[in-house]
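Chemist: Generate a structure from the sequence data that follows.
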Amino acid sequence: MRIAHSSELENIKTAAGNLNDYAEIKRQIDLSQALLVEFQNCYCVLRLDDDGLCVVCAEGQNLLKIAPHIVRIAKTLNAPSIVFHTKRKALQRYLRAFNFNYEMTDTSGHFVYRMVL
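Modeler: This next block holds a predicted model:
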């Protein structure tokens, strides 16, 4: 896995949702509040929050291949959990493979999943 350059942010445009969310993600990356990472053409935006490592968004075909790296990062950072927000119900089966449990649906319609570490 590598830290991707901000010029590669366009690779998460679809996963970001709308233009406002995309702009906020870009702002967080520019301020070093979030990090864009890439592994085998799967891009993820990660942010460390008080309640865990948040996968802000992910896009690409190799989510299952980047997932173990994200788990390792969270454990290295001593994060209590990994939190994943998505509007795509199809990701449920992928998330279950890594012991993510549905937590809630937020006010913007994102399904929130958490894996306690």
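Chemist: So which bits of the helix ranked longest in the chain are buried?
Modeler: The residue-count maximum for a helix in the chain (DSSP state H) belongs to helix 63-76. The neighbour-count check on helix 63-76 (16 or more other CB atoms under 10 Å) flags Leu63, Ile66, Ala67, Ile70, Val71, Ile73, Ala74 as buried. Bear in mind the C-beta positions are built from the backbone N, C-alpha and C, glycine included.
Chemist: Check stretch 34-42 too.
Modeler: The neighbour-count check on stretch 34-42 (16+ other CB under 10 Å) flags Ala34, Leu35, Leu36, Val37, Glu38, Phe39, Cys42 as buried.
Chemist: Quick one: residues in contact with it.
Modeler: 1-6, 8-9, 11-12, 25, 28-29, 43-47, 56, 58-63, 65-66, 69 (CB atoms under 8 Å, 6 or more residues apart in numbering).
Chemist: could you give me the average pLDDT of it?
Modeler: Stretch 34-42 carries an average pLDDT of 96.
Chemist: do stretch 95-115 as well
Modeler: 86.
Chemist: mind listing what the nearest residue to Gly52 once chain neighbours are set aside touches?
Modeler: Setting aside the residues directly before and after it, Gly52 is nearest to Ser81 in space (CB to CB, 6 or more residues apart in numbering), at 3.6 Å. Going by CB under 8 Å, 6+ apart, Ser81 touches Asp51, Gly52, Leu53, Ala74, Arg114, Met115, Val116, Leu117.
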